[in-house]
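Asks: The following block contains a protein sequence and its predicted model.
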Amino acid sequence: MSISPESDEIKYAKGLEGVIAAISGISFIDGDQGILVYRGFSIETLAKHSNYEEIVYLLLHGELPTRPELEELTNKLKEYRTCEALMPSIRSFPKDAHPMDVVRSAVSLMGIYCPDKFDFSKEIKMQKVLRVVAKLPSIVASYDRIRKGLEPIEPDNSLNHAENFLYMLNGEKPDELSAKIMDIMFILHADHGMNASTFSAMVTISTLSDVYSSLTAGIGTLKGPLHGGANERVLKMLREIKSVDNVKPWLDEALEERRKIMGFGHRVYRAYDPRAKILKKYAKQLGEQKQGDLLFEIGEKVEEYMLEKVGAKGIQPNVDFYSGIVLNHLGIATDVFTPIFAISRSAGWGSHILEYLESNRLFRPRAIYNGPYHQEYIEIENREGE
Ligand code: SDX
């Protein structure tokens with residue numbers, strides 16, 4: 001069947017906008033109402049009552065764990081936290097590597113060192129997902145210390161996922177508020193339907209490739225500034241704006257030049273991203289603690305003016321807008337923001353690829369061909385030009 005734009009067989013949607021690529025029970029987004037639900041629980045409820053370890057279980061298994069189930073998962077994650085096999089490579093990486101490149105490379109290396117690399121059973125696939133979820137905080141924290149000339153810190157298994165990450169990053173146990181906020185960051189970023197990085201991971205697993213290749217694909221996709229890479233750029237934007245008074249002129253110029261304002265807009269949300277609402281509260285709380293730090297005030301003014309200028313077009317704050325301010329207040333380096341997104345989203349990627357494999361179908365879309373037809377082959381000596 002020849003494919004042409006006129007063919008009524010074609011449902012061409014650039015960027016697959018509005019196309020349904022899978023059926024999933026993992027998370028639901030109502031873009032008009034600004035609603036996000038994981039396995040039937042609202043994100044507000046989970047942020048208030050749950051923790052990241054529970055969310056990992058919920059996303060992977062479809063229900064909240066009993067105490068023994070949570071204990072078993074938590075122990076498994078603690079067992080998998082160390083990264084001996086990866087450390088020589090991580091130490092060999094250049095000190096100016098972007099931490100997202102380190103994360104992508106380290107997960108790819110996990111596919112080489114994994115003791116069960118040739119076992120493709122369902123049970124071992126789940127274990128491989130948990131290995132990545134468990135090791136990502138150690139990989140990010142270890143590289144961040146190595147590039148500063150510091151020794152990596154061994155995981156402390158008396159600490160939960162979020163506490164241990166901050167401990168391995170900073171060399172000291174976090175205060176209660178920082179640990180709680182990091183846990184909430186992990187909860188809020190854990191899953192989000194058919195986003196680009198999840199879809200990328202699913203396309204890879206649909207060829208029956210391995211878990212590590214699939215999650216490596218997800219990491220590479222998340223890195224982009226239109227996706228998970230926006231949080232890092234929000235901070236750079238706020239610092240460039242420098243003052244509340246400069247918000248309007250800066251934004252007027254940027255919008256005039258049709259530049260995308262990082263942390264705003266979304267393919268699905270036409271309302272305020274519910275995750276941003278939750279993060280704004282913590283960004284304000286942390287900002288108040290740091291006298292003289294204007295980031296939150298500048299951010300709030302950016303939000304106010306953007307809503308005035310383009311809010312009616314459905315361009316509202318997304319998860320990346322306040323997450324950068326929160327992470328900055330936790331003393332985390334800006335280029336570690338997106339790796340933190342990856343640490344959390346590894347559970348969502350893992351859940352979707354395992355769910356999709358339950359009734360796998362190779363992703364293989366079509367393209368409308370707009371190239372030439374019936375070309376005559378001309379020997380090189382008879383071709384025009386030098
Ligand atoms: C994440 O998909 C997910 O679920 C992702 C995510 C997740 O949890 O996985 O939610 C995480 O990636 C959040 C998004 C982070 N990215 C950014 O903050 C980057 C800035 N945002 C934009 O690049 C943009 O909003 C996208 C990429 C997020 C969505 O873009 P779309 O759906 O492709 O929309 P578009 O670029 O076609 O824009 C439609 C219109 C355009 O104007 P017109 O040409 O119609 O006049 O809206 C304008 C755009 O110029 N627009 C913006 C804008 N976003 C859209 N204008 C200024 N600033 C923006 N941020």
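Replies: That came in fine, so what should we check first? Predicted model, so just to flag it, every value in this text is computed and none were measured.

Asks: Now do the phi/psi pair for residue 30.
Replies: phi -100, psi 100 (degrees, to the nearest 10).

Asks: That one bridge partners, please.
Replies: Counting by DSSP bridges, residue 30 is bridged to residue 35.

Asks: Distance of it relative to residue 179?
Replies: Between residue 30 and residue 179 the distance is 31 Å, computed by Cβ to Cβ, to the nearest Å. (C-beta placed from N, C-alpha, C; glycine too.)

Asks: cool, residue 366 as well?
Replies: On the measure of Cβ to Cβ, residue 366 and residue 179 end up 49 Å apart.

Asks: Find me whatever residue is spatially closest to the residue of the stretch 251-386 of the chain found nearest the ligand, sequence neighbours aside.
Replies: Closest contact between the stretch 251-386 of the chain and the ligand, by Cβ to the nearest ligand atom, is at residue 265 (2.3 Å). Nearest in space to residue 265, with sequence neighbours left out and distances taken as Cβ to Cβ, 6 or more residues apart in numbering, is residue 315 at 4.5 Å.

Asks: ok, how many other residues are close to that neighbour?
Replies: For residue 315, the neighbour count with other Cβ atoms under 10 Å is 19.

Asks: OK, contacts around residue 97?
Replies: 143, 147 (Cβ atoms under 8 Å, 6 or more residues apart in numbering).

Asks: which SSE is residue 150 in?
Replies: According to DSSP states H and E, residue 150 maps onto no helix or strand at all.

Asks: ok, for it, nearest residue in space, not its chain neighbours?
Replies: Leaving out its chain neighbours, residue 150 is closest to residue 171 (Cβ to Cβ, 6+ apart), at 7.5 Å.

Asks: three-state assignment of the residue nearest to residue 265?
Replies: What DSSP: H, G, I helix; E, B strand; the rest coil gives for residue 315 is coil.

Asks: Can you spell out which helices and strands pack onto the longest helix along the chain?
Replies: Assignment by DSSP state H gives helix 122-146 as the longest helix of the chain. Judged by 3 or more Cβ pairs under 8 Å, 6 or more residues apart in numbering; DSSP states H and E, the packing partners of helix 122-146 are helix 52-61, helix 67-79, helix 87-92, helix 99-113, helix 161-170, helix 211-222, helix 337-357.

Asks: Now do the buried residues in stretch 265-280.
Replies: Buried residues in stretch 265-280, defined by neighbour count with 16 or more other Cβ atoms under 10 Å: 265-280.

Asks: So which of the residues you listed is the closest to residue 91?
Replies: residue 279 (33.8 Å; Cβ to Cβ).

Asks: interface residues of the stretch 251-386 of the chain facing the ligand?
Replies: 260-267, 313, 315, 318-320 (Cβ under 6 Å from any ligand atom).

Asks: Please narrow these to those residing in helices.
Replies: Among these, DSSP H puts 319, 320 in helices.

Asks: Where does pLDDT dip in the stretch 251-386 of the chain?
Replies: 386 (pLDDT under 70).

Asks: now do the stretch 1-150 of the chain
Replies: Using pLDDT under 70, the flagged stretches of the stretch 1-150 of the chain are 1-10.

Asks: Minimum distance to the ligand, which residue of it gives it?
Replies: Taking Cβ to the nearest ligand atom, the ligand has its nearest neighbour within the stretch 1-150 of the chain at residue 15, 6.1 Å off.
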